[in-house]
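**Q** Dropping a prediction and its sequence here:
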Amino acid sequence: MTQISRLTMGLCSAAALGLSAHAQVYFTEDFEAGDTAVHESRGWVFDKNETALETGTDFGIATAPFGPENFPSGSVPGSSNNDPVTGERIVHPPTVRGTASTGNFLISDSDAGGGSDDVGTESEFWAITPAFSTVGSTEAWFHADLTVDNNNNGECIWELSVTVDGGATWIPFWVTAEPQRPWQAWRRGAFSGNDELDGSARMGGYPVLGSKSTTRTWDGVHGRVHFKLPAEANNKPEVKIRFLLHEAGDAWYLAADNLLVDNNPPPMGSQTVLNEGFEGGIPVTWKKTSTYDQGWSTEPLKDENGDWLRLAGGVPIHVDLLREAEKRRTVDGAELPADALLKWDTASFEAYPELTPINPNGATDGRWILMLAGGNYAMRQEATYEDEESFLETPVLDLSQAKDVYLDFLSEVLIYGGSANAEVFVSVDGGTSFTRIFTYRGALMDLGEAPYFTHHYIPVPEAAGRNNVVFRFASTGADTDQYRGFWAIDDVRVTINPEGVVAPPAVGISLSGNNVILTFEGTLEQGDGLNGPWTPVTGASPLTIEATSPTPKYYRSVR
């Protein structure tokens with residue numbers, strides 16, 4: 001059987017971008033070409049509209065050395081994480097394992113900006129990629145190392161969108177609203193007499209609480225993301241992607257690196273070994289250990305007095321917004337229909353004043369579980385002790401027949417205490433020793449803001465071919481005596497590709513000055529498009545090619 005692998009020649013590091021050996025690559029960007037001006041000369045657009053008045057919020061490229069003078073805002077972004085060796089502030093976005101990316105990256109830092117473009121101003125800042133072709137595609141995916149820190153009491157909208165008509169229309173494929181936006185839109189509309197002010201109109205309606213949607217969300221995002229582009233972007237000669245900040249309202253920041261558009265979905269295996277949604281609680285086959293009382297559970301978690309956070313009057317509340325709203329419907333006799341709770345929008349605040357005690361200006365100040373709310377999940381709450389360790393471990397898995405192993409899971413997390421962390425480990429000796437495969441404290445982030453909600457997909461080559469594998473979710477540290485931080489996980493899945501599956505021949509790409517180095521298996525062929533025609537290329541692997549052509553070349557290996 002003939003096996004074929006294709007690769008578009010690009011000008012970015014294949015290793016940094018995580019190029020698959022079997023991908024049809026449409027666009028890559030690692031921002032190493034230079035500063036903001038250099039990227040503008042390469043076709044990037046960084047701009048804003050006439051109502052955008054915040055200063056220092058503009059999108060641009062952060063470059064080394066990463067001091068204030070080399071950030072678009074003129075200020076190093078706020079971060080709660082410092083390098084454990086150098087002590088320097090970590091400013092890069094997170095990679096697939098949560099560690100910081102390297103080199104230049106894209107950023108908009110509204111927190112560093114002056115002024116506040118609030119709800120109703122219609123202000124917008126954006127960064128737009130150069131045009132690229134998806135001709136020949138039936139499916140296109142956007143991948144990036146990305147952090148979006150939402151302000152816990154903020155009101156902006158962040159959006160990723162795509163255009164195929166030169167920017168005449170934009171189709172969103174990921175959007176988030178900061179948690180206070182419904183309340184602020186309702187409040188400003190009431191004060192100004194503008195009953196038409198609807199903060200959700202720009203995004204076609206707010207995200208649904210508890211929906212598990214990773215593309216329409218109330219939360220920020222942290223890690224390597226994988227978003228499927230809308231069908232309209234398939235098989236098009238000119239496609240662009242836009243990063244957009246709408247009505248900044250002194251938001252926090254978006255930072256992105258190692259962009260890739262190809263035809264590959266998130267990394268997963270062909271066979272499922274473990275799939276746990278905690279519908280019946282935490283299974284007895286899973287192991288729970290904790291140094292103190294705040295361990296993993298599927299029940300509402302408590303403080304040392306048996307209660308959750310408290311309102312000013314002493315009424316205990318739960319961090320899960322839907323569970324708290326349901327409880328208050330009973331306790332306070334409130335008449336809140338389910339759709340009002342799920343939508344949590346301007347109209348609901350107007351129609352049901354009972355919602356106002358649990359708005360983002362309330363006790364948790366926007367720090368709720370929002371996208372997993374009301375469902376079944378495993379959660380651990382930060383509590384009292386700085387040296388707390390609470391572990392949740394999968395059953396022992398036999399992956400001896402696996403040549404590739406992948407772990408994926410939904411994660412909604414708010415790290416509050418300075419000593420706190422949320423990490424994932426793997427053991428290949430049944431739980432005797434562990435190796436870290438993910439951390440939330442290894443890249444740009446801030447403590448105590450709105451939660452992150454991310455679907456993490458993590459390749460775990462350490463576990464391939466091993467018969468005694470355990471995955472550990474480790475929630476450590478504390479939000480001393482406050483109980484505001486939490487980590488909730490759901491839909492934990494382990495997938496594999498078994499031995500014996502024949503993979504297409506690999507094609508790799510790297511840069512050396514102005515040259516591109518191609519490594520390949522089998523016979524290398526080249527063409528001017530994804531569908532050829534294909535002609536043989538003379539030379540053995542590795543092959544050096546001058547990157548001087550203004551038009552893309554396509555390469556494939558055949559065996």
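**A** Thanks, I have the structure now. Numbering: from 1, shown residues only.
**Q** Tell me, please, where in the stretch 451-559 of the chain the pLDDT is lower than the cut-off.
**A** 481, 500-515, 517, 519, 529-532, 547-552, 559 (pLDDT under 70).
**Q** from what I can see Glu412 touches Trp368, true?
**A** No. Judged on CB atoms under 8 Å, Glu412 makes no contact with Trp368 at a distance of 9.6 Å. For glycine as for every other residue, the C-beta is placed from the backbone atoms N, C-alpha and C.
**Q** okay, and the common contacts of these two?
**A** Common contacts of Glu412 and Trp368, defined by CB atoms under 8 Å, 6 or more residues apart in numbering, comprise Pro451.
**Q** out of the two, which sits in the more crowded spot?
**A** Taking other CB atoms under 10 Å, Glu412 and Trp368 do not tie; Trp368 has more neighbours (31 against 26).
**Q** Spit out the contact partners of the more buried one.
**A** Here Trp368 is in contact with 179, 319-321, 324, 360, 451 (CB under 8 Å, 6+ apart).
**Q** Which members of these are positioned in helices?
**A** If you go by DSSP state H, these have 321, 324 in helices.
**Q** just the contacts of Trp368: which has the poorest pLDDT?
**A** Lowest in pLDDT among these is Pro360, which has 68.
**Q** So the spatially closest residue to Asn468 that is not a sequence neighbour versus Ala463, what's the distance?
**A** Spatially, and ignoring its direct neighbours in sequence, Asn468 is nearest to Gly430 (4.2 Å; CB to CB, 6 or more residues apart in numbering). The gap separating Gly430 from Ala463 is 12 Å, by CB to CB, to the nearest Å.
**Q** what about these two, which has more around it?
**A** More crowded of Gly430 and Ala463, by other CB under 10 Å: Ala463, with 26 against 13.
**Q** I'd say the more buried one and Leu399 touch.
**A** Yes. Using CB under 8 Å, Ala463 makes contact with Leu399 at a distance of 5.4 Å.
**Q** now the strands: where do they sit in the stretch 451-559 of the chain?
**A** 452-459, 470-476, 486-498, 507-512, 515-520, 523-527, 535-536, 543-546, 554-558 (DSSP state E, counting those that start in this stretch).
**Q** Kindly present the ones you listed as a markdown table, with separate columns for mean neighbour count and distance to Thr28.
**A** Converted to a markdown table, the strands of the stretch 451-559 of the chain look like this (neighbours: other CB atoms under 10 Å; distance: least, CB to CB, whole Å):
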| stretch | mean neighbour count | distance to Thr28 |
| --- | --- | --- |
| strand 452-459 | 22 | 19 |
| strand 470-476 | 22 | 31 |
| strand 486-498 | 22 | 25 |
| strand 507-512 | 18 | 9 |
| strand 515-520 | 18 | 12 |
| strand 523-527 | 17 | 18 |
| strand 535-536 | 10 | 24 |
| strand 543-546 | 13 | 16 |
| strand 554-558 | 22 | 14 |
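**Q** Just tell me which of those strands ends up closest to Gly34.
**A** In terms of CB to CB, the element of the strands of the stretch 451-559 of the chain nearest to Gly34 is strand 507-512, at 14.1 Å.
**Q** is it true that the residue nearest to Asn468 lies in a strand?
**A** No. Read with DSSP: H, G, I helix; E, B strand; the rest coil, Gly430 is coil and lies in no strand.
**Q** Please, where are all the helices along this protein?
**A** Going by DSSP H, the chain shows helices at 14-17, 36-41, 181-192, 321-331, 338-343, 346-351.
**Q** With distance to Ile437 and mean neighbour count added, can I get those helices in TSV?
**A** What follows is the helices of the chain, written out as TSV (distance: least, CB to CB, whole Å; neighbours: other CB atoms under 10 Å):
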stretch	distance to Ile437	mean neighbour count
helix 14-17	18	20
helix 36-41	32	16
helix 181-192	35	20
helix 321-331	30	18
helix 338-343	34	17
helix 346-351	41	18
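**Q** out of those, which comes closest to Arg556?
**A** helix 14-17 (15.4 Å).
**Q** tell me the mean pLDDT for that closest one?
**A** 40.
**Q** and what of stretch 200-219?
**A** 94.
**Q** Could you give me the buried positions within it?
**A** Neighbour-count burial for stretch 200-219, counted by 16 or more other CB atoms under 10 Å, picks out 200, 202-203, 206-212, 214-219.
**Q** From Ser541, how far off is Trp534?
**A** Taking CB to CB, one finds Trp534 at 17 Å from Ser541.
**Q** hang on, I meant Leu244
**A** 42 Å.
**Q** Over to Arg202?
**A** 50 Å.
**Q** For Thr439, give me its contacts.
**A** Contacts of Thr439 by CB under 8 Å, 6+ apart are 97-99, 421-424.
**Q** With adjacent residues omitted, what lies nearest to Phe471?
**A** Per CB to CB, 6+ apart, closest to Phe471 is Thr394, 4.6 Å.
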